[in-house]
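1. Task: produce atomic coordinates for the following.
(4 chains)
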There are 4 protein chains.
Amino acid sequence: MDIDLIQKRIRQFRDSRDWMKFHNPKNLAISISLESAELLEHFQWKSPEESELHAESAKSEIADEMADIAVYLIEMADNLGIDLEKAILGKLDKNAAKYPVEKAKGNAKKYTEL
Amino acid sequence: MDIDLIQKRIRQFRDSRDWMKFHNPKNLAISISLESAELLEHFQWKSPEESELHAESAKSEIADEMADIAVYLIEMADNLGIDLEKAILGKLDKNAAKYPVEKAKGNAKKYTEL
Amino acid sequence: MDIDLIQKRIRQFRDSRDWMKFHNPKNLAISISLESAELLEHFQWKSPEESELHAESAKSEIADEMADIAVYLIEMADNLGIDLEKAILGKLDKNAAKYPVEKAKGNAKKYTEL
Amino acid sequence: MDIDLIQKRIRQFRDSRDWMKFHNPKNLAISISLESAELLEHFQWKSPEESELHAESAKSEIADEMADIAVYLIEMADNLGIDLEKAILGKLDKNAAKYPVEKAKGNAKKYTEL
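-> All right, here's what the predicted structure looks like:
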């Protein structure tokens, strides 16, 4: 994924509309949360099995909702000087240490306590 | 960003713990929403200005929360066969068409109606 | 439910701590959303059936999370001069008109389109 | 607030549409979270001051969003056998003990750590 290109495109979109004044960290965090709700709304009343079928049949709309979340997340990382790839890889290391395979394997209970 | 490597690492983490059975689209969308709330919690009572200062002083914790969101988002894209980069670039094009510069410039009202 | 007593207790709690300055409508809406996430976290990885069992075994913790949501909701209604009971009864009427029994009966699809 | 009447009306609405099968605790918690996002969306890009003005000018729409949250919350309490009023009063007592006036007064920092 060409994060540099995406961040450049986001900056152009935002700055040509003079919207930076609205994009403080609090408002971006709110926006990530609201877009996440729009993604979740797709699955609101569905069983786990129906959610699989719906993800297939509404793939394009779901991809759009996921893109909305990603755009705000990538902009926020850009604004805050956070290297998102480095943060992701570091967090995966932390998670691996926090949930040892032997304890966590197939265990929903353990998992929900994370 | 090396999405392929990140998706490979996420799959290894998940499958060695036998957690795929919990990772249907509905549960992943819930998890993205919950992690977004943890990010937003950082700014709960802060003014816009304080949110800027806090983003600086708590940068590492905020990066971790953003990574949690990104990990579930990238896994969900992997599971659903969605090309996240393509979805992001496509959504940026749609947004540019939806919010013409001349109408949207500096306009919070217009923006909130998106 | 004695809403007047609850609103009086909330005002006393808030004002004796001089917290009204943080309680603008935006921050209260954020707080309702964050408390809702804490409630949802209880059911994050659970199947529908497991969610029923968990609601029984963790009833007291779940009641506390629901109370947190209710407290912010009731305070927000108080601050905004909204009669919550009237709003609820009015909304139930609107919903009844929007989802006619003959069309909506047992229909998840109809429901998700609301 | 006549909770008994509201719960009776909610049960009638739901059962005449045969929707109880969708209303497990997990789905109700999701719905509370989604309705909270719709409330928050009203304030997405607004400053604290603008959020006060908007709460006044869009009072009726905001009351409707708050009612949506309340309806799911009251139904969930009904389904789970939770006395919401008792839960609220108990939680207010716990909060009062957790945030002593002398420590919490006017202190956003303390507050954000709750």
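2. When you work out contacts or count neighbours from here on, use the C-alpha atoms and nothing else.
-> Noted.
3. just how off-centre is the lengthiest helix in chain A within its chain?
-> Identified as the longest helix of chain A according to DSSP state H is helix A:59-80. Centroid separation for helix A:59-80 versus its chain: 6 Å, with CA atoms, centre = their mean, to the nearest Å.
4. What are the contacting residues of it?
-> Applying CA atoms under 8 Å, 6 or more residues apart in numbering or on different chains, the set of residues contacting helix A:59-80 from outside is A:3, A:6-7, A:10-11, A:25, A:28, A:31-32, A:35-36, A:38-39, A:42, A:55, A:83-84, B:55-56, B:59, B:63, B:66, B:70, B:73, B:77, B:80, B:82, B:84, B:87-88, B:91.
5. One more: stretch A:81-97?
-> Everything outside stretch A:81-97 that qualifies as a contact, by CA under 8 Å, 6+ apart, is A:74, A:77, B:1-2, B:6, B:9-10, B:13, B:59, B:63-64, B:66-68, B:70-71.
6. Tell me how many other residues surround residue A:5.
-> Taking other CA atoms under 10 Å in any protein chain shown as the criterion, the count of residues near residue A:5 is 11.
7. do the same with residue A:71
-> For residue A:71, the tally of surrounding residues (other CA under 10 Å) stands at 19.
8. From residue A:25, how far out is the closest residue to residue A:37 other than its chain neighbours?
-> Take residue A:37 and drop its neighbours on the chain: the residue closest to it by CA to CA, 6 or more residues apart in numbering or on different chains is residue D:34, 5.7 Å away. Between residue D:34 and residue A:25 the computed distance is 22 Å (CA to CA, to the nearest Å).
9. Show me chain A divided up by domain.
-> Domains of chain A are assigned by automatic domain parsing as A:3-82, A:83-114.
10. is chain B contacted by stretch A:47-55?
-> Yes - contact of stretch A:47-55 with chain B is found when judged by CA under 8 Å from any CA of the partner chain, involving A:48-49, A:51-52, A:55.
11. Which PyMOL command selects the buried ones in those?
-> Typed into PyMOL, the next command selects the buried ones out of the residues of stretch A:47-55 next to chain B (criterion: 16 or more other CA atoms under 10 Å in any protein chain shown):
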select buried, chain A and resi 48+51+52+55
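12. Not counting residues beside it along the chain, what's closest to the spatially most distant residue from the centre of chain A?
-> Ranking residues of chain A by C-alpha distance from their mean position (CA atoms, centre = their mean) puts residue A:102 at the top, at 28.5 Å. Taking CA to CA, 6+ apart, and ignoring the residues beside it in sequence, residue A:102 has residue B:17 as its nearest neighbour in space, at 8.0 Å.
13. what sits against the one you found?
-> Residues counted as contacts of residue B:17 (CA under 8 Å, 6+ apart) are A:101-102, A:104-106.
14. Just the ones of the residues you listed in helices?
-> Of those, the ones assigned to helices by DSSP H are A:101-102, A:104.
15. For my notes, please list the domains of chain A in CSV and give distance to residue C:97 and mean pLDDT for each entry.
-> As requested, the domains of chain A are arranged in CSV below (distance: least, CA to CA, whole Å; pLDDT from 0 to 100):
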stretch, distance to residue C:97, mean pLDDT
domain A:3-82, 21, 98
domain A:83-114, 40, 85
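16. Residue A:16: how many residues sit nearby?
-> By other CA under 10 Å, 15 other residues sit near residue A:16.
17. contacting residues for it?
-> Residue A:16 makes contact with B:101, B:105 under the criterion CA under 8 Å, 6+ apart.
18. Taking helix A:59-80 as reference, get the angle to the helix or strand hosting residue A:94.
-> According to DSSP states H and E, residue A:94 maps onto helix A:84-98. Here the directions of helix A:84-98 and helix A:59-80 differ by 100 degrees (axes from the mean of the first three to the mean of the last three CA atoms, to 10 degrees).
19. for helix A:84-98, the distance to its chain's centre please.
-> The mean C-alpha position of helix A:84-98 is separated from the chain mean by 15 Å, CA atoms, centre = their mean.
20. in it, what's buried?
-> Judged by neighbour count using 16+ other CA under 10 Å, the buried positions of helix A:84-98 are A:84-85, A:87-89, A:91-92.
21. How about stretch A:67-77?
-> Along stretch A:67-77, the positions that meet the burial threshold by neighbour count (16+ other CA under 10 Å) are A:67-77.
22. Cheers, nothing more for now.
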